[in-house]
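> starting from these lines, generate the structure:
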Amino acid sequence: MSGPSAAPLLPQETTLSISVPDLTLQLARTGLGAPDLSSAMLPVLSALVNQTSAEGAGYFQLGEQTLAYHARAASGVMPQGPAMEALLAHGLPGNLPLITALEAADSVLFFPDTAAHPAAAGFPELGVCALTAAPVHDHSGRLVGALLAHAFHPHEWTGEERLLISSVTGLLTLLAARLDAEERERSAHESALRAMGLSLEARDAETQGHTDRVTHLAVRLGEKMGLAKDDLRALRWGAYLHDIGKVGVPDSILLHTGPLTPEMRARMEEHVADGVALARQLPFLPTATLNVIAGHHEWWNGGGYPKRLSGEQIPLLARIFAVCDVYDALTNVRPYKRAWTVGETLTHLQAASGQQFDPRVIELLLDVLAEDHPLSESA
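Next up, the predicted model:
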């Protein structure tokens, strides 16, 4: 987005092209169907820019690990320059006068001239002359977000604009608080699921780092295949939990240094069904995540386990993860084998394409790996 024009803009009366109730209804329908916070915000920000004298608008959300409020969505013309770049990089600090004012506010704040209001300190340096700021509080009253709209000239916000902004942001604060809570809940789930995956590694030092490595590679491959955001999250969660069923496998089998006996292998293979049963106890897990756990040992030619699925009967996320899981297992030391070179591993994966693995998935994995390991370095 480009910066403001060097020439000052003149204040002007704004006439709404749509009634406030109709606009609020439209935005409510859009927001209620939005899959995430950023998607819900953008139509609202665009409406503020299109229906008022605001030239730009943005939504800032409290960070998980910091006391700063970071930009999540924006529309219109935004300030330019080092100060704005720093704000985008580090967020609005929690001790900013505006944040302090919003913490105590229960409605929208309007600043016709930021230079005349101590609570708007810092914004004149960004070139922002008029500002509106709406607080978003969670159920406990904590400020979790700030919806800002600005103009690059002093502007007395009209009664019609104040009504629209208050109506729209009133709706939005409720929506944002809900979505913010959902995102924070998902973040808590993410941390818990990763911790569960890492706890399995603690039983075997030889696989240390496997969970994070295979998850990272699977997500990169999923992105290469154009997976949607929800599918990428399901894939990531499945990667964390793929071996959760091994929690019940005895160390005498899990850490065995030679070939498994038929009895030992049968018990090892039970970890898939055990893993699915355990994961089903987590009601927030999507079916796609359960599919990763259930299907990551199936083979493209039907020779895998536990259900001997073949081809596209195997869920796509399971096909993606299976390739990444084997790649990481081969290129790292295990109790029963040395670490293979990247070249050896790529040769094996290509030979197994169409047999153990989905050929299309192998093709795209090779593209991803080529970014990290040029052919001359793969041997």
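
> in the stretch 201-350 of the chain, which spans are helices?
210-224, 229-241, 251-254, 262-279, 287-295, 316-330, 342-352 (DSSP state H, counting those that start in this stretch).

> Pro118 is nearest to which of these?
Closest of the helices of the stretch 201-350 of the chain to Pro118 is helix 229-241, at 40.6 Å (criterion: C-beta to C-beta). C-beta: built from backbone N, CA, C; applies to glycine.

> hang on, the earlier thing: worst mean pLDDT among the helices of the stretch 201-350 of the chain?
Among the helices of the stretch 201-350 of the chain, helix 251-254 carries the lowest mean pLDDT, a mean of 82.

> quick one on the thing from earlier: any chance of TSV for the helices of the stretch 201-350 of the chain, columns distance to Thr66 and mean neighbour count?
Converted to TSV, those look like this (distance: least, C-beta to C-beta, whole Å; neighbours: other C-beta atoms under 10 Å):
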stretch	distance to Thr66	mean neighbour count
helix 210-224	23	20
helix 229-241	22	22
helix 251-254	40	14
helix 262-279	32	16
helix 287-295	29	23
helix 316-330	32	23
helix 342-352	37	16
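
> do you know which of those lies nearest Leu364?
Smallest distance to Leu364 across these (C-beta to C-beta): 4.9 Å, for helix 210-224.

> for the stretch 51-200 of the chain, give me the ranges with low pLDDT.
Flagging of the stretch 51-200 of the chain using pLDDT under 70 yields the residue ranges 170-184.

> what do you get if the cut-off is 90, keeping everything else the same?
Scanning the stretch 51-200 of the chain for pLDDT under 90 picks out 51, 59, 61-67, 72-73, 83, 87-89, 106-107, 135-142, 144-145, 159-200.

> those strands in it, which residues are they?
Counting by DSSP state E, counting those that start in this stretch, the stretch 51-200 of the chain has strands at residues 56-62, 69-76, 109-111, 130-137, 143-151.

> Leu317 is nearest to which of those?
strand 69-76 (26.9 Å).

> tilt between the closest one and strand 130-137?
Orientation of strand 69-76 against strand 130-137 (axes from the mean of the first three to the mean of the last three C-alpha atoms, to 10 degrees) gives an angle of 130 degrees.

> by contact count, what packs against strand 69-76?
helix 37-51, strand 56-62 (3 or more C-beta pairs under 8 Å, 6 or more residues apart in numbering; DSSP states H and E).

> related to what we said a few turns ago, now for the strands of the stretch 51-200 of the chain, which one comes closest to Ser199?
strand 56-62 (29.4 Å).

> how far off centre is the closest one?
When distances are taken as C-alpha atoms, centre = their mean, to the nearest Å, strand 56-62 is centred 17 Å away from the chain's centroid.

> report the angle between it and strand 69-76.
Using the same axes, to 10 degrees: strand 56-62 against strand 69-76 is 160 degrees.

> so which elements touch strand 56-62?
Under the contact criterion of 3+ C-beta pairs under 8 Å, 6+ apart, strand 56-62 touches helix 37-51, strand 69-76, strand 143-151.

> gap between the closest residue to Val108 other than its chain neighbours and Phe152?
Counting by C-beta to C-beta, 6 or more residues apart in numbering, Val108 lies nearest to Ala134, which is 4.6 Å off, once chain neighbours are set aside. Distance of Ala134 to Phe152, given as C-beta to C-beta, to the nearest Å: 20 Å.

> ok, the two, which is more surrounded?
Ala134 (25 against 21; other C-beta atoms under 10 Å).

> how near is that one to Ser107?
Using C-beta to C-beta, Ala134 is found at 8 Å from Ser107.

> from Ser353, how far off is Thr347?
Thr347 is 11 Å from Ser353, by C-beta to C-beta.

> coming back round to it: most packed of the helices and strands packed on strand 69-76?
The highest mean neighbour count among the helices and strands packed on strand 69-76, using mean count of other C-beta atoms under 10 Å, belongs to strand 56-62: a mean of 24.

> quick one on the thing from earlier: distance to Glu263 for the helices and strands packed on strand 69-76 - can I get that in CSV?
As requested, these are arranged in CSV below (distance: least, C-beta to C-beta, whole Å):
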stretch, distance to Glu263
helix 37-51, 51
strand 56-62, 54
